[in-house]
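Enquirer: Attaching a predicted model along with its sequence, questions to come.
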Amino acid sequence: MKKIVYYLSATLLVSAAVLSSCKKSDDPTPTPQSPDVSLTIDENNPGAMDKEYTVFTTDARKVIEVKSKTLANNNMKRVYVYKTQKAKGETAPVLGNEHSEDLTGGSTDDAGRMYYRIPDDAKNDYTIKLSVDIDNDETRDEDVYHFYFTEDEDFDVENQDDDVVYGPATITLIYDSKLTRTANARIYSICNSDQDGAYDLTSFAMVGTSLNGSNEIQIGTGADLVNQGDQGDVADCGTFRKGWDGQNGTTYKKAPTGFGYDNATHNDLEEAFNAVSLPIPTGTVNDVAVGDIYIAKLRNGDNYALVKVTGITEGTNNYIDISAKRK
């Protein structure tokens, strides 16, 4: 009899161990504790009521975090998370009734909308952390996550009433793939009457140039660089200027030694352009050499392009060959 009891006990222990191991392997992967992106909205800081955070990324997954702090008389009970997607070449959609697709550990309200419940002991200071997938399939530019900290009522983002205690906070993930738009161009001397000396880095197109009867430079619309001078300047045709002037607010910095032209991303350009070790941005580029790489900040905006000098020819026709890249 003792042997039977012994064998039964051993069998139960083995079964429990097997079931325990299966359960662990079937559990969803917990969100890592260290966030890649974090922002705080704090009611004690009036300037931080609505916060936004934008990050360029090539990762397949990001851990995003929002910390919400309120005054003692406010009580946060739920967090609703919405997600919008922007396709390439399109404008950002209006926020609708679209929730993030995977709210592990979330609850569902009476209208079928998912949310996270805030514990009673965190009603004035709560941190939500999500691990989100990034479908970098070259069809979308960005995903935007919208965080609403609400009361304990069903929440409709299109009919918010007074349900929002705090927010929204938004985190924008911009897909930062390699620069894929490329073009080659030949920038002729402004003094060459038969060829153009200006270029548009946004559309990758040549821009017409000419000299009038007073040898004043005439430039067509849309240029980001021109071989010599600005509209109306008197051209110096005594020597070939190996360089250019920025147009329409476009400025340039020479890329640091070893900058990776072939595998560069938009984020690489932004970081390099803003690096303290680089010279101040300028609209005037002189004495270029074959192999030089310049980062262009386009038209006082947040878009960037790369310009690499691939050849310089002097003689009857003077020109600079460039290769250009941008997102």
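Expert: Cool, got the structure.
Enquirer: How many residues are close by the residue nearest to residue 275 when sequence neighbours are not counted?
Expert: Leaving aside its chain neighbours, residue 275 sits nearest to residue 256 (7.2 Å; criterion: C-beta to C-beta, 6 or more residues apart in numbering). C-beta here means a position set from N, CA and C on the backbone, and glycine is covered the same way. Residues near residue 256, counting by other C-beta atoms under 10 Å, number 12.
Enquirer: next one: the one 10 residues further on
Expert: Applying other C-beta under 10 Å, we find 21 residues neighbouring residue 266.
Enquirer: how about the helices in the stretch 1-150 of the chain?
Expert: 2-26 (DSSP state H, counting those that start in this stretch).
Enquirer: mind listing what's buried in stretch 82-90?
Expert: For stretch 82-90, the neighbour count (16 or more other C-beta atoms under 10 Å) marks 82, 83, 84, 86 as buried.
Enquirer: do the same with stretch 278-293
Expert: 283, 285, 288, 292, 293.
Enquirer: so how far is it off the chain centroid?
Expert: With C-alpha atoms, centre = their mean, to the nearest Å as the basis, stretch 278-293 stands 25 Å off its chain's centre.
Enquirer: Can I get that stretch as CSV, trimmed to CA atoms?
Expert: Taking C-alpha atoms only, stretch 278-293 is exported to CSV below (Å, rounded to 0.1, in the frame of the first residue of the first chain):
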residue,chain,number,x,y,z
LEU,A,278,30.5,69.8,-36.8
PRO,A,279,30.8,73.4,-38.1
ILE,A,280,27.8,75.6,-38.1
PRO,A,281,25.4,75.1,-41.0
THR,A,282,26.1,77.3,-44.0
GLY,A,283,24.5,78.1,-47.3
THR,A,284,27.9,78.5,-48.9
VAL,A,285,30.0,75.5,-49.9
ASN,A,286,33.5,76.0,-51.3
ASP,A,287,36.5,74.0,-52.4
VAL,A,288,34.7,70.7,-52.7
ALA,A,289,36.7,67.6,-53.5
VAL,A,290,35.9,64.2,-55.0
GLY,A,291,34.5,62.0,-52.2
ASP,A,292,33.3,64.9,-50.0
ILE,A,293,29.9,64.3,-48.4
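Enquirer: re earlier: can I assume the residue nearest to residue 275 is in contact with residue 279?
Expert: No - Residue 256 lies out of contact with residue 279 (C-beta atoms under 8 Å); the separation is 10.5 Å.
Enquirer: who are the neighbours in contact with the nearest residue to residue 236 once chain neighbours are set aside?
Expert: Spatially, and ignoring its direct neighbours in sequence, residue 236 is nearest to residue 228 (6.9 Å; C-beta to C-beta, 6+ apart). Taking C-beta atoms under 8 Å, 6 or more residues apart in numbering, we find residue 228 in contact with 189, 190, 191, 197, 217, 235, 236, 241, 244, 245.
Enquirer: Now the buried members of these.
Expert: Using 16+ other C-beta under 10 Å, the buried ones in those are 189, 190, 191, 197, 217, 235, 241, 244, 245.
Enquirer: List the buried residues in stretch 142-153.
Expert: Neighbour count says stretch 142-153 has 142, 143, 144, 145, 146, 147, 148, 149, 150, 151 buried, by 16+ other C-beta under 10 Å.
Enquirer: That should have said stretch 173-184, apologies.
Expert: Buried residues in stretch 173-184 (16+ other C-beta under 10 Å): 173, 174, 175, 176, 179.
Enquirer: how distant is it from the center of its chain?
Expert: 11 Å.
Enquirer: Just the CA trace of it, in CSV.
Expert: Included here for stretch 173-184 are C-alpha records, laid out as CSV according to Å, rounded to 0.1, in the frame of the first residue of the first chain:
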residue,chain,number,x,y,z
LEU,A,173,7.4,56.2,-34.2
ILE,A,174,8.7,57.2,-37.6
TYR,A,175,10.1,54.4,-39.7
ASP,A,176,13.8,55.1,-40.3
SER,A,177,14.8,52.9,-43.1
LYS,A,178,17.9,53.5,-45.3
LEU,A,179,17.7,56.4,-47.6
THR,A,180,16.2,54.8,-50.8
ARG,A,181,15.6,57.8,-53.1
THR,A,182,18.8,58.4,-55.1
ALA,A,183,19.8,60.4,-58.1
ASN,A,184,22.9,61.6,-60.0
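Enquirer: if we can go back for a sec, from residue 175, how far out is the residue nearest to residue 275?
Expert: 25 Å (C-beta to C-beta, to the nearest Å).
Enquirer: same thing with residue 284?
Expert: 34 Å.
Enquirer: same check, this time on residue 313
Expert: Noted for residue 313: a distance of 38 Å to residue 175, by C-beta to C-beta.
Enquirer: what does residue 107 give?
Expert: For residue 107, the distance to residue 175 - C-beta to C-beta - is 31 Å.
Enquirer: Isn't residue 310 up against residue 292?
Expert: No - counting by C-beta under 8 Å, residue 310 does not reach residue 292; the two are 9.7 Å apart.
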